[in-house]
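Q: Sequence first, predicted model second:
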Amino acid sequence: MQITAIHTWKALDPIVQSAITRIQDEAQYKRALKLVEELWPLAQGDDAAATLLDLVAERIEAYEAQQDPVPATTPAEALAFLMEQHGLKQKDLAQFAPQSVISEILNGKRKVSKAIAKGLAERFKVSIDVFL
């Protein structure tokens, strides 16, 4: 019985290490991705495999966030991006501010007021902090 447990642990140790340790380099990252591919079909209906899959996925997400952090954007850049994504022109935001004010915001000549930020946040369904 003891020999079986040791053999089982030796087989599981690399997998467990992948799940509980922080990914520090590209090689570990690739091993973790491979492990996800192997665990995915097993995790459907298997709580232990699903838990292990979640742990590995969390480590992968943390590594990816560290490698490719989301760049900081200004309120003007965020507004320009959201307008483009929604196919909007400055005049389409007239309910929040005159076109001239929107233009000044987009050109970085004016800060977004709290009132305008609140309206834009509701319109685009984002946090008000995006515009402040």
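A: Happy to help now that I have it.
Q: And Ala76, how far from Phe124?
A: Distance, Ala76 to Phe124, by CB to CB, to the nearest Å: 14 Å. Every residue, glycine included, has its C-beta placed from N, CA and C.
Q: Then Tyr29?
A: Between Tyr29 and Phe124 the computed distance is 33 Å (CB to CB).
Q: Mind checking which of the two has more residues around it?
A: When neighbours are counted by other CB atoms under 10 Å, Tyr29 and Phe124 differ, and Phe124 comes out ahead with 19 against 16.
Q: roughly how far apart are the more buried one and Val101?
A: Per CB to CB, Phe124 is found 17 Å from Val101.
Q: Domain ranges for this structure, per the record?
A: 2-67, 75-130 (automatic domain parsing).
Q: top helix in the protein by residue count?
A: Using DSSP state H to define each element, the chain has its longest helix at helix 47-67.
Q: next helix or strand past it?
A: helix 75-85 (DSSP states H and E).
Q: Put the alpha carbons of that following helix into CSV.
A: What follows is helix 75-85 as a C-alpha-only set of coordinates in CSV (Å, rounded to 0.1, in the frame of the first residue of the first chain):
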residue,chain,number,x,y,z
PRO,A,75,-10.4,59.5,-20.1
ALA,A,76,-10.1,61.0,-23.6
GLU,A,77,-8.6,57.8,-25.0
ALA,A,78,-11.2,55.7,-23.3
LEU,A,79,-14.0,57.9,-24.7
ALA,A,80,-12.6,57.9,-28.2
PHE,A,81,-12.3,54.1,-28.1
LEU,A,82,-15.8,53.6,-26.8
MET,A,83,-17.2,56.0,-29.4
GLU,A,84,-15.4,54.1,-32.1
GLN,A,85,-16.6,50.7,-30.8
